[in-house]
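Student: Structure, please.
(chains A, B, C and D)
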There are 2 protein chains.
Amino acid sequence: MQHYSQQKRFLFAVDCIIFGYDGQELKLLVIKRSFEPFKGKWSLVGGFINDNESAESAAGRVLNDLTGLDGLYMEQLHCFTDPNRDSVERTISIAYFALIDIQKYNQQIDEDYHPAWFSINQLPELIFDHTAIVEMAKEKLRYKAALHPLLFELLPDKFTMPQLQSLYEAVYNMEFDKGNFNRKLLSTKLLDKLEDKDKLNSKKGAFYYTVNLKKYSAGFKTFLNFVPSQYINK
Amino acid sequence: MQHYSQQKRFLFAVDCIIFGYDGQELKLLVIKRSFEPFKGKWSLVGGFINDNESAESAAGRVLNDLTGLDGLYMEQLHCFTDPNRDSVERTISIAYFALIDIQKYNQQIDEDYHPAWFSINQLPELIFDHTAIVEMAKEKLRYKAALHPLLFELLPDKFTMPQLQSLYEAVYNMEFDKGNFNRKLLSTKLLDKLEDKDKLNSKKGAFYYTVNLKKYSAGFKTFLNFVPSQYINK
DNA sequence: ACAAAAGTGTTCAAAATACACCCATGT
DNA sequence: ACATGGGTGTATTTTGAACACTTTTGT
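Tutor: The predicted structure follows:
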């Protein structure tokens, strides 16, 4: 009934939703499409999947091409299959979202792609269904980060509690009580307090923390409500 | 640089992880593969994606072919892309998990596929990477059902609280306190109490409930810990 | 009358929240 | 010395877990 040989074959691509945080806002990295059609239009970073390459490694390759970075936090978001989503030819796209430290990126910028960071709240028009893809990625990021400690991935190796709090505030567009925020994050035991302080952003200075990688990988599944439930239930 | 015409095209399939509940155990519906190679081996229900058909509609078609049912609860699980996952030819598979009322299914059984229900704890050997796919589906079901009211989909339109509790107990392999379970589920306001009772399973009889569909679709995002956190954190 | 399962109530502990207060330091 | 933001303490409320108790009904 279902013979392989009789079946239709389709193009297969990955698209990456790359999030960053500049200390103020949650940002998305997009590029100018380098080929026709829609050359010069804003687009997610993506590429076709090669023979003998899984989608994960294709996404890793695409991310590395653009940023020079390896081992980024990356997660499969969704597979987009609408037959008309790509107006050139039917292309099935697996979307991955990635979290990167925006500082590390800046040193390795690859200008061939004419990449640009946009605030997540003021995105330009994107080609195809990329706007909808980004929308889903934002939702998933918020969902996941409410339950699992993952926003660290957007910060430098060393960060302060006030920085981390600002990041959460940017992601959720709401304010957090600093006392409760501190306690909640420290209760995960995932953070190690360092001896030095960041003195740039305040007179008193705020202690730096790092993620304890051992505990992090073990405790990633911790199911903490990082975000007050009032937010999640609208 | 990336011209569509030079790219490789691939086979695309959907595979469905179909969960049911017989009152005792969580079950999985599998079929005997009807074509070579591996004809006669146990396999998830699946099929190739046709031209002009999204993966969602392909999965819906496959489910309907097997069960005769429409509008089942269905959700994209993950896209499996390992180049060697299908030993015949590289095939990308988009997995969907579906929840069905096992009673409704029984009336429409399609014997062409030689389908069979297996307890989720005693699965037979499955072809390709289907065992891993099912493993992921189980995990996701548990994850999601811990946060969202969705296991209703496995029960008949009318069900009792003790039935619902047994279902949760089967899914999580643990016992729940009936008092706390009742209160928690009723606090969602998603259930309407009916006037009649199920008198088969107890002398006193247990009231039937139905899902209030209006509130259900609105309140699906409710983020309740249906399952004690001790379970989730292992 | 009693067993069995449904359903309710009560207590205790843990958590989330709100908010007041103290601390360190550059100006 | 005082303004600023970092950090801690505490009272109150809400939620969760455990378990005892009452209800209904078939035998």
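Student: Quick check: closest non-adjacent residue to residue A:19.
Tutor: With sequence-adjacent residues excluded and distances taken as C-beta to C-beta, 6 or more residues apart in numbering or on different chains, residue A:19 is closest to residue A:99, at 5.3 Å. Every C-beta, even on glycine, is put in place using the N, C-alpha and C of the backbone.
Student: give the contact list for that neighbour.
Tutor: By C-beta atoms under 8 Å, 6 or more residues apart in numbering or on different chains, residue A:99 lies in contact with A:19, A:20, A:72, A:73, A:150, A:151, A:153, A:154.
Student: Drop anything exposed from these.
Tutor: Using 16 or more other C-beta atoms under 10 Å in any protein chain shown as the burial test, the contacts of residue A:99 include A:19, A:20, A:72, A:150, A:151, A:153, A:154 as buried.
Student: May I see the buried residues of the strand ranked longest in chain A?
Tutor: Longest strand in chain A by number of residues, with DSSP state E as the criterion: strand A:11-21. The neighbour-count check on strand A:11-21 (16+ other C-beta under 10 Å) flags A:11, A:12, A:13, A:14, A:15, A:16, A:17, A:18, A:19, A:20, A:21 as buried.
Student: hey, C-alpha coordinates of it in CSV?
Tutor: The C-alpha atoms that make up strand A:11-21 are tabulated as CSV, following Å, rounded to 0.1, in the frame of the first residue of the first chain:
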residue,chain,number,x,y,z
LEU,A,11,12.8,20.3,0.7
PHE,A,12,13.9,20.3,4.3
ALA,A,13,15.3,23.3,6.1
VAL,A,14,16.1,24.5,9.6
ASP,A,15,15.3,28.0,11.0
CYS,A,16,16.8,29.4,14.1
ILE,A,17,15.2,31.8,16.5
ILE,A,18,18.1,33.4,18.3
PHE,A,19,17.4,35.2,21.5
GLY,A,20,19.8,37.6,23.2
TYR,A,21,19.6,40.1,26.1
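Student: continuing past the lengthiest helix in chain A, what's the next helix or strand?
Tutor: Longest helix in chain A by number of residues (criterion: DSSP state H): helix A:130-147. As assigned by DSSP states H and E, the chain's next helix or strand after helix A:130-147 is strand A:159-160.
Student: is it possible to export the contacts of residue A:99 to a markdown table including distance to DNA strand C and pLDDT?
Tutor: Converted to a markdown table, the contacts of residue A:99 look like this (distance: C-beta to the nearest atom of the strand, whole Å; pLDDT from 0 to 100):
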| residue | distance to DNA strand C | pLDDT |
| --- | --- | --- |
| A:19 | 24 | 98 |
| A:20 | 27 | 97 |
| A:72 | 29 | 95 |
| A:73 | 24 | 96 |
| A:150 | 17 | 92 |
| A:151 | 17 | 95 |
| A:153 | 22 | 95 |
| A:154 | 22 | 97 |
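Student: of all those, which comes closest to DNA strand D?
Tutor: Lowest distance from DNA strand D to the contacts of residue A:99 (C-beta to the nearest atom of the strand) belongs to residue A:151, with 16.7 Å.
Student: Now for the closest one: which residues touch it?
Tutor: Listed by C-beta under 8 Å, 6+ apart, the contact set of residue A:151 reads A:99, A:145, A:164, A:167, A:168, A:171.
Student: Okay, and which of the residues you listed map to helices?
Tutor: Reading helices off the contacts of residue A:151 with DSSP H, I get A:145, A:164, A:167, A:168, A:171.
Student: Look up how far residue A:25 lies from the third one.
Tutor: From residue A:167 across to residue A:25, the span is 10 Å (C-beta to C-beta, to the nearest Å).
Student: And these two? Which one has more around it.
Tutor: Remark: of residue A:167 and residue A:25, residue A:167 carries more neighbours, 21 against 17, as counted by other C-beta atoms under 10 Å in any protein chain shown.
Student: Kindly provide the distance from the more buried one to residue B:40.
Tutor: From residue A:167 across to residue B:40, the span is 55 Å (C-beta to C-beta).
Student: Same check on residue A:46?
Tutor: Distance of residue A:46 to residue B:40, given as C-beta to C-beta: 40 Å.
Student: Looking at these two now, which is surrounded by more residues?
Tutor: For residue A:46 versus residue B:40, neighbours defined as other C-beta under 10 Å are more numerous around residue A:46 (24 against 11).
Student: Look at that one and give its secondary structure.
Tutor: At residue A:46 the chain is in strand, as set by DSSP: H, G, I helix; E, B strand; the rest coil.
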